[in-house]
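In: sequence unknown, structure follows:
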Ligand SMILES: O=C(O)CCC(=O)C(=O)O
């Protein structure tokens, strides 16, 4: 069942891919937080089964996130990405800056300040409680500085990292206060459990980008997906300290960044330590995607035609 909260921003138009959607309209609503049930593990598990996500406000200590943010911004500045005419903390891009993906860039993603957030006692403790057993996180960390006009296409994380635990969870952690204009993450609610998504989960969702060499993003067109398969998008504005948690089969992408600042966020992974683990993402120097992206890929539209979805 889909649950969305109403919002004071109802009526605002947000862009995703080539689509424009009205917040509070038929395609897009806002996410609800689960802070009221944080101490109740059964309620948390029921909530994620039902909604496909947990939004927790202020789980991380804001000062820790700000310290991580500083390290990231300093790295972007050293690489000529930040417009020095502005305060570093404003994260204003130099014109034409690439920003992009800092995943695996160890100088940043293994800095104490960054790890102090994504491996903090708050997040590890949350998962120990939620799983009811000790937690392990991938050594590889995904970190993104998304520039003007940038956004992420819709995908299941399963296609990138499902060689280990089925209980793998993603945590999306903003390292910016992220307004709608900054391009926050958006979830396709219902994609984890609606029967109309079952064929997608069983075909695309069982794909492995390194084995199958297909492009990872299922769609840039959430309106088309919702028209065909149902569900509704949910997003929200974030403050540093908030986290958004979801599983391998919650389809997600992001709203377009319409500002001149970087939208900075990390997506990191957590699972029970006792479960098997996807070998690409662990160790001193994780192997990462060893094939995908290194040779021409099968276009998603061809793969979708083959799968009949
Ligand atoms: O932050 C983004 O734009 C994408 C993040 C993502 O794909 C993820 O959290 O798995």
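Out: That came through fine. Keep in mind it's a predicted model, so treat the numbers as computed, not measured.
In: list the contacts for the closest residue to the ligand within the stretch 101-250 of the chain?
Out: Using CB to the nearest ligand atom, the single residue of the stretch 101-250 of the chain nearest to the ligand is residue 152, 3.4 Å away. Bear in mind the C-beta positions are built from the backbone N, C-alpha and C, glycine included. The contact partners of residue 152, by CB atoms under 8 Å, 6 or more residues apart in numbering, come to 144, 146, 185, 217, 252-254.
In: Then residue 133?
Out: Counting by CB under 8 Å, 6+ apart, residue 133 touches 272-274.
In: Counting neighbours, which of the residues you listed comes out on top?
Out: residue 272 (19 neighbours; other CB atoms under 10 Å).
In: That one reaches residue 134, doesn't it?
Out: Yes: Residue 272 lies in contact with residue 134 (CB atoms under 8 Å); the separation is 7.2 Å.
In: Kindly confirm my reading that the residue of the stretch 101-250 of the chain closest to the ligand is in a strand.
Out: No: applying DSSP: H, G, I helix; E, B strand; the rest coil, one finds residue 152 to be coil, outside a strand.
In: what about whatever helix or strand residue 188 lives in, distance to the chain center?
Out: Taking DSSP states H and E as the criterion, residue 188 maps to strand 185-189. Strand 185-189 sits 9 Å away from the centroid of its parent chain (CA atoms, centre = their mean, to the nearest Å).
In: Look up phi and psi at residue 131.
Out: phi -80, psi -30 (degrees, to the nearest 10).
In: My error: substitute residue 197 in the last question.
Out: phi -100, psi 0.
In: That one reaches residue 203, doesn't it?
Out: No: using CB under 8 Å, residue 197 is not in contact with residue 203, being 10.7 Å away.
In: These two: which has the busier surroundings?
Out: The residue with more neighbours, out of residue 197 and residue 203, is residue 197; 23 against 15, by other CB under 10 Å.
In: ok, back up a step: next, format the contacts of residue 133 as a markdown table and append secondary structure and pLDDT.
Out: Output for the contacts of residue 133, formatted as a markdown table (DSSP: H, G, I helix; E, B strand; the rest coil; pLDDT from 0 to 100):
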| residue | secondary structure | pLDDT |
| --- | --- | --- |
| 272 | strand | 98 |
| 273 | coil | 98 |
| 274 | coil | 98 |
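In: Let me know the secondary structure of the closest residue to residue 107 other than its chain neighbours.
Out: In space, and not counting its chain neighbours, residue 107 is closest to residue 75: 6.8 Å by CB to CB, 6 or more residues apart in numbering. Secondary structure assignment for residue 75 (three-state DSSP): helix.
In: pretty sure residue 75 contacts residue 109?
Out: No: using CB under 8 Å, residue 75 makes no contact with residue 109, being 9.9 Å away.
In: any shared contact partners between those two?
Out: Joint contacts of residue 75 and residue 109 (CB under 8 Å, 6+ apart) are residue 102.
In: Next up, the contacts around residue 163.
Out: Contact analysis of residue 163 by CB under 8 Å, 6+ apart lists 208, 278-280.
In: Could you rerun that using 10 Å?
Out: Taking CB atoms under 10 Å, 6 or more residues apart in numbering, we find residue 163 in contact with 208, 210-211, 276-281.
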